Structure formats: C-alpha cells, structure tokens
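**Q** Sequence and computational prediction follow.
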There are 2 protein chains.
Amino acid sequence: MQLISRTSEYALRAVIWLVQEPALSQTTRQIATGTRTPPDYVSKVLQLLAKAGLVRSQRGLGGGFRLAGNPAQITVLDAINAVDPLERIHTCPLDLKAHGTNLCPLHCGLNDVMFQMEATFAKTKLADLLNSDTPSIPLGIKLKTSRHSPVPSDPVGSAMPRSRSATSKRLAKC
Amino acid sequence: MQLISRTSEYALRAVIWLVQEPALSQTTRQIATGTRTPPDYVSKVLQLLAKAGLVRSQRGLGGGFRLAGNPAQITVLDAINAVDPLERIHTCPLDLKAHGTNLCPLHCGLNDVMFQMEATFAKTKLADLLNSDTPSIPLGIKLKTSRHSPVPSDPVGSAMPRSRSATSKRLAKC
DNA sequence: GCTAAATTGGATGTCAATGTCCACTTTAGG
DNA sequence: CCTAAAGTGGACATTGACATCCAATTTAGC
C-alpha cells in the first residue's frame, strides 16, 4: 500500500515543474519531458488541475500551462485534492458489531493517521519542496517491515532513525 | 487512496472471526459467511495466514482453520504483514533534485505517517478489536475534504472532532 | 484565411489487485 | 475401502487505475 496515488504524484511533479520553470508558459510536452511522466496521461492530470483552478491553460500556438497562484501559498493538499481527493473512513470495514455504531479502535487509529497525513499535505507549500534548506532525510535506508514475524512481534522500535514527533501514546482519544 | 488493502481487511476479518468463534475449527465457508467475504478469495488469504503461522489449517472431513496463538498477543500488524506487508519510501517519487540524495520534506512527512500507521497496527491486538470498552468514534460524521478549494486553502482546521494527539508542529525532524 | 502548434475530449489498451472456477489431495467416519 | 467434507493449487475472469491513441478545437503568426 502506498499513501498517495500515482496520479497525485504526477500532479505534484507538474505543479512543481511550473514553479521552478522561469518561462511563463510550459507545454504538456515540456512538462512531461521535464518531470519524466507519461505525456498523454499528465495531460489529463493537467486538465484536472486546470478545472480546480490551480493552473491556467492556454490553447493554440504558443499556449501551455502556467501556475495560477503563489507557490508559497499553494499547498500539496491543494494539488492532491484537485486530482484525487482524500477520503475519510465512515464505516468500519471490519464490519465488527462489538462497537455498535462506532468505529473500532483500529479504524479510529487509521482516522488519526489520515489526519496527520492531511495536516502534512496542508502545511507543505510548493515552495517548500524546492527549498533545499527544509528538513530532509538521507536515503538508502532500505528497511522493509519484518516479514514473517509469526505470533508475538514488535516491528516498531527496531533500529532506525525514528524521529516520530509523537506516536500517540494511546490508540487515540476519539 | 485507502490506507490498507482489501486483502488485509479480509485477513483481519478472518482472524477476528476465529478469535470470537467458540468452536475449535472453522471451515472456509463458515468464515466467509460469517465475515461476509468472497469465499474463494478469503480461502487464498487464509492460506497466506497459514504460511505465516498465524493460523493453522486442517485438511479433510471436520477440518478447517484455527488461530495459532493468543488473541491478546497477536497484533493487527502481524495479520497485515502476513498478506500484504507494509512498504517504505526509499526514493523521492517526485524526483526532485533540490534535496540531493535526501527525501524531500513531503516524503519525509509521509515516512512519519507510515511510522504512525505501523505503530497503530503494532499496538492493536486482536483482542482489542472485540472489546467494546476500547475507545471508538461515533459514525455518521460525513466529512469529505473540501473538494474544489482553489489556490489558498486550509482544509485542516475545519469544524470537526479533531482529537489529533500531536499534529507534529514542524514538518518532521528528519 | 492558412497553417502549424497547442489543448480538449473520447475511445481504447494494459496491468495488477481482486474475485471465481475447478480438478486434486487429504482425512474422518461409516 | 468408500464416500463426503474439507483444504490446496493453478488457471481464468473482472475491475479500476494507469496509460495511449487520435480526431476535434483553438489560436498565434505569416
């Protein structure tokens, strides 16, 4: 499971490209080449971004796309919501009866995760992504969750750069 | 985007069913009917759970599946890892150069979200899911993220039962 | 106003996750 | 031993996200 769709990734690549390119207008081809995305597909994504008002399109010779706002104000959430909006959990997918009309603790926790994710998207501006001063993490950490750990396990807490701001002490205080 | 796959959901439904059913052994059909999952598919899922050692299978007349451990110790993470293991982000999908060999702040934040999710899965025991005393959230809140909020937006912070334990003040301290 | 460069929109193709089907094997009970 | 009830394994079908193709439309510049 990945946290965001390919479509959202493409949308982000495209708007970030528009931010960093000096030229006023960028054609689909330029954007696709520059961001290494499938041209015909990113074209559809750009149309969604245009419908949402994040970018403005210009048809005809010399046309293309340009950003419709301030990179320091447009958020990652804006771009994602334009093409593949975040959803919320409304009913327990586990179909448990123990908790009546309530979400079970698991999905309560997942709701919490969703909130954190949305908060991250909402506070990250496009400009932040191009600023090399913003905090980042070194790559090459190659960690894959403890596959095949039978009954009792504790995959969290293994040796790795934790950094969690707060792993919410309890399940959640829903 | 959903946070966990259907396959994982089915795996969870199945093991939870085994926890709550008094009978020693449950046939695939019983499990499928009881959990409202596609019989032939949940059959495959059960095989994965068996391979991982979470459940034990018995062939032949009178056979079926039973849990291979203590519901108070088996975690949601165990079940999920058995059928559809969590992955980590290794390279920046946005392909940004600004951060050199590092993850950009966005994916740094997503890594953080992943950690929280894994922590939630790891601390939630199967027994917890059947205990109606564990904290849960009322349903019917019908909130869908602010679709169509053009350039400047602040979808987080709208009126709703927040409850976030800590929305990590900064992007993350990677 | 022609033409070439561009977006737009619809139809179609591909692929992995999900779901179904069926023949085979195992096993308890008569 | 035979039979019916079970899991096992492999092949096939469906579906939605992703990707491609192409005809129609718009528009700057000659």
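**A** In hand now; what should we look at? Numbers count the residues shown, from 1 in each chain, chains lettered A, B, ... in the order given.
**Q** Mind exporting the C-alpha coordinates of stretch A:90-104 to CSV?
**A** Provided in CSV are the C-alpha atoms of stretch A:90-104 (Å, rounded to 0.1, in the frame of the first residue of the first chain):
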residue,chain,number,x,y,z
HIS,A,90,-17.2,6.3,7.6
THR,A,91,-18.0,2.8,8.5
CYS,A,92,-15.9,0.0,10.0
PRO,A,93,-14.5,-2.1,7.1
LEU,A,94,-14.1,-4.9,9.5
ASP,A,95,-17.8,-5.0,10.0
LEU,A,96,-17.5,-5.5,13.7
LYS,A,97,-20.5,-5.4,15.9
ALA,A,98,-18.7,-5.1,19.2
HIS,A,99,-18.6,-1.4,18.9
GLY,A,100,-22.1,-0.8,17.7
THR,A,101,-22.4,2.2,15.5
ASN,A,102,-18.9,3.3,16.3
LEU,A,103,-15.5,2.9,14.5
CYS,A,104,-13.4,0.2,16.1
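**Q** Briefly note if that stretch comes near DNA strand C.
**A** No. Legend: contact between stretch A:90-104 and DNA strand C by CB under 7 Å from any atom of the strand is lacking; minimum distance shown is 11.3 Å. Where you see a C-beta, it was placed from the backbone N, CA and C, and this is true even at glycine.
**Q** so residue A:65 bridges to which residues?
**A** Taking DSSP bridges as the rule, residue A:65 bridges to residue A:26, residue A:57.
**Q** so where do the helices sit in chain A?
**A** A:6-20, A:28-35, A:39-51, A:76-83, A:105-123, A:126-130 (DSSP state H).
**Q** Any buried residues in the second one, and which?
**A** Within helix A:28-35, the residues that count as buried by 16 or more other CB atoms under 10 Å in any protein chain shown are A:28, A:30, A:31, A:32, A:34, A:35.
**Q** Show me how far it is from its chain's centre.
**A** 20 Å (CA atoms, centre = their mean, to the nearest Å).
**Q** In terms of secondary structure, what does that helix contact?
**A** helix A:6-20, helix A:39-51, strand A:64-67 (3 or more CB pairs under 8 Å, 6 or more residues apart in numbering or on different chains; DSSP states H and E).
**Q** hey, which of these is tucked in deepest?
**A** Mean neighbour count, computed with mean count of other CB atoms under 10 Å in any protein chain shown, is highest for helix A:6-20 among the helices and strands packed on helix A:28-35, reaching a mean of 23.
**Q** looking at the helices of chain A, which is closest to residue A:93?
**A** Closest approach to residue A:93 among these (CB to CB): helix A:105-123, 6.9 Å.
**Q** would you list the helices of chain A in a markdown table and tack on mean pLDDT?
**A** Below are the helices of chain A laid out as a markdown table (pLDDT from 0 to 100):
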| stretch | mean pLDDT |
| --- | --- |
| helix A:6-20 | 97 |
| helix A:28-35 | 97 |
| helix A:39-51 | 98 |
| helix A:76-83 | 98 |
| helix A:105-123 | 93 |
| helix A:126-130 | 93 |
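**Q** Adding distance to DNA strand C as columns, could you present these in a markdown table?
**A** As requested, the helices of chain A are arranged in a markdown table below (distance: least, CB to the nearest atom of the strand, whole Å):
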| stretch | distance to DNA strand C |
| --- | --- |
| helix A:6-20 | 11 |
| helix A:28-35 | 4 |
| helix A:39-51 | 4 |
| helix A:76-83 | 13 |
| helix A:105-123 | 15 |
| helix A:126-130 | 19 |
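**Q** Tell me which residue of chain A lies closest to DNA strand D.
**A** In chain A, the residue that lies nearest DNA strand D is residue A:60 (2.0 Å; CB to the nearest atom of the strand).
**Q** Let me see the contact set for residue A:31.
**A** A:14, A:17, A:18, A:37, A:42, A:46, A:65 (CB atoms under 8 Å, 6 or more residues apart in numbering or on different chains).
**Q** if we go to 7 Å?
**A** A:14, A:17, A:42, A:65 (CB atoms under 7 Å, 6 or more residues apart in numbering or on different chains).
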